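Colleague: quick one, structure for this:
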Amino acid sequence: MTAATKRSRPRERALELRNLELREQLTNKITDLANAEARHRDAARRLGEFAAIIESSDDAIVSKDLCGTITSWNPAATRILGYTSEEMIGTSILRIIPQELHSDEPVILAKIRAGQHIDHFETIRLTKDGRHLDVSLSISPVRDDSGQIIGAAKILRDISARKHIEQSLLQAEKLAATGRMAATIAHEINNPLEAVVNLIYLSRGRATDPRQAAYLDAAASEIDRISHIAKQTLGYYRDYSAAAGASLSDIAAEAIRVYEPRCKAAGIRIESHLDPSPKIALRKGEIMQVISNLISNAIHAMPSGGTLSISVKQSPSGSGSSDGVVLSVEDTGVGISAEKLPRIFDAFFTTRADIGTGIGLFVARQLVEGHGGKIQVQSRTGPHSHGTSMSIFLPLETQYAAA
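Modeller: Numbering: from 1, shown residues only. I've put the predicted structure just below:
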């Protein structure tokens, strides 16, 4: 073996080791690239799955930055709130928040910046067509690759149907409780009412002034009606006395006679236009209760005085199927706001929180519809034109005509 050969072997060994090291490094890099590619494919698959979930979700899924600007908007958000993604992305989240709730947004953003989650926050959101929608919100912070919070993702669920059911159940419970209370009241007031009726009877026998006798007759009639009202509360009791032919104009005239002194004392002028109306089959006590409720509401709406107009006239039903009689009670009072107007016939809803019970118009509609009629309302709240008009339509052939 030559000296040159002996010197070349260490160099060959070193070169071989270097090649082995390079091959190992190359293998590791290939493995790392393969793993990275696999992770990328997995991440892309999961992103695809997440995108599919977001696209097909029944709940609105929306994201926004820390300034409240919307950055994403899924199809369910369009279905629930009415706005398209093109309309919403890049705009403020305040667009779907009612004005009176704008103060909630800074509080929500502060919690998101602090890394807090908000779960099942029930609130109101505004749809494109102006409806107020009951929703439940779950909001989570969104972080970038470095862990910094850059925005928020929120899931919005429409709970208006659930709220409606809850309110219906609550109203049913109130109705049941009020029914039990009405039965108790009806039982407890019978004795004092009988005593008052007897006193009126004795006074009527001594009355020398015809007007005084007429007032006592009206008082006796009203006390008899009080007994029925206590039982009729919320429809748990109906006046099952036989219906009889009566003129709506005559009933209205009787109601005016009862309320005229009260109106005079309150500075309210009564204008009546009572056309002669045919007798129709109805329960006089129930219709008297309806008219009395409308007049009483009109008086409360004019605390500083005004004009109360009461009219009765024959009119077609509006559908062309039958004719009927229309009674209108119109006041020049404060009026009813547009947002409250659709609810005035709901049980326990009242515009007079201090004294109202919210059952008068609810019962009135039941009694009118029980006769096959309908009750309608119009109202104005303008500074120069204000007041409310209630009208009752009763067909000439009521539900009690056959009986």
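
Colleague: so which residues of the stretch 251-400 of the chain form helices?
Modeller: For the stretch 251-400 of the chain, helices defined by DSSP state H, counting those that start in this stretch occupy the ranges 284-300, 360-370.

Colleague: what does the stretch 101-250 of the chain give?
Modeller: Counting by DSSP H, counting those that start in this stretch, the helices of the stretch 101-250 of the chain are 104-113, 160-206, 210-232, 248-265.

Colleague: and for the residue lying closest to Ile287 once chain neighbours are set aside, the neighbour number?
Modeller: Among residues not flanking Ile287 along the chain, Ile251 sits closest, at 5.6 Å (CB to CB, 6 or more residues apart in numbering). Quick note: C-beta positions are derived from backbone N, CA and C, even for glycine. Ile251 has 22 neighbours, counted by other CB atoms under 10 Å.

Colleague: cool, and Ser309?
Modeller: Look at Ser309: counted by other CB under 10 Å, it has 17 neighbours.

Colleague: now Gly370
Modeller: When neighbours are counted by other CB under 10 Å, Gly370 registers 17.

Colleague: and it, how far is that from Arg113?
Modeller: Separation of Gly370 from Arg113 (CB to CB, to the nearest Å): 59 Å.

Colleague: how does the protein divide into domains?
Modeller: Following automatic domain parsing, one finds the domains of the chain at 1-54, 57-158, 161-237, 240-403.

Colleague: the helices of the stretch 251-400 of the chain: which one's closest to Pro210?
Modeller: Checking these against Pro210 by CB to CB gives helix 284-300 as the closest, at 22.4 Å.

Colleague: just to revisit the earlier point, what would the domains of the chain look like in CSV with mean pLDDT?
Modeller: Converted to CSV, the domains of the chain look like this (pLDDT from 0 to 100):
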stretch, mean pLDDT
domain 1-54, 66
domain 57-158, 90
domain 161-237, 69
domain 240-403, 84
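
Colleague: what's the local residue count around Leu137?
Modeller: 19.

Colleague: for beta bridges, what are the partners of it?
Modeller: Phe121, Leu156 (DSSP bridges).

Colleague: wait, what's in contact with the closest residue to Glu122 other than its chain neighbours?
Modeller: Distance criterion CB to CB, 6+ apart; nearest residue to Glu122, sequence neighbours excluded, is Ser136 at 5.3 Å. Shown in contact with Ser136 (CB atoms under 8 Å, 6 or more residues apart in numbering): His120, Phe121, Glu122, Leu156, Arg157, Ile159.

Colleague: pull the contacting residues for the nearest residue to Ala298 once chain neighbours are set aside.
Modeller: Distance criterion CB to CB, 6+ apart; nearest residue to Ala298, sequence neighbours excluded, is Asp331 at 3.8 Å. The contact partners of Asp331, by CB under 8 Å, 6+ apart, come to Ala298, Ile299, Ala301, Met302, Gly306, Thr307, Leu308, Ser309, Gly387, Thr388, Ser389.

Colleague: do His371 as well
Modeller: Counting by CB under 8 Å, 6+ apart, His371 touches Leu282, Arg283, Glu286, Ile287, Leu394, Pro395, Thr398, Gln399, Tyr400.

Colleague: so which of those residues are in strands?
Modeller: Leu282, Leu394, Pro395 (DSSP state E).

Colleague: give the buried subset of the residues you listed as a PyMOL selection command.
Modeller: This is the PyMOL syntax for the buried subset of the ones in strands among the contacts of His371, where burial follows 16 or more other CB atoms under 10 Å:
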select buried, resi 282+394+395
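
Colleague: which among the contacts of Ser136 end up buried?
Modeller: Among the contacts of Ser136, those scoring as buried are Leu156, Arg157, Ile159 (criterion: 16+ other CB under 10 Å).

Colleague: any chance of those residues in a markdown table, with distance to Ala244 too?
Modeller: Below are the buried ones among the contacts of Ser136 laid out as a markdown table (distance: CB to CB, whole Å):
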| residue | distance to Ala244 |
| --- | --- |
| Leu156 | 58 |
| Arg157 | 55 |
| Ile159 | 50 |
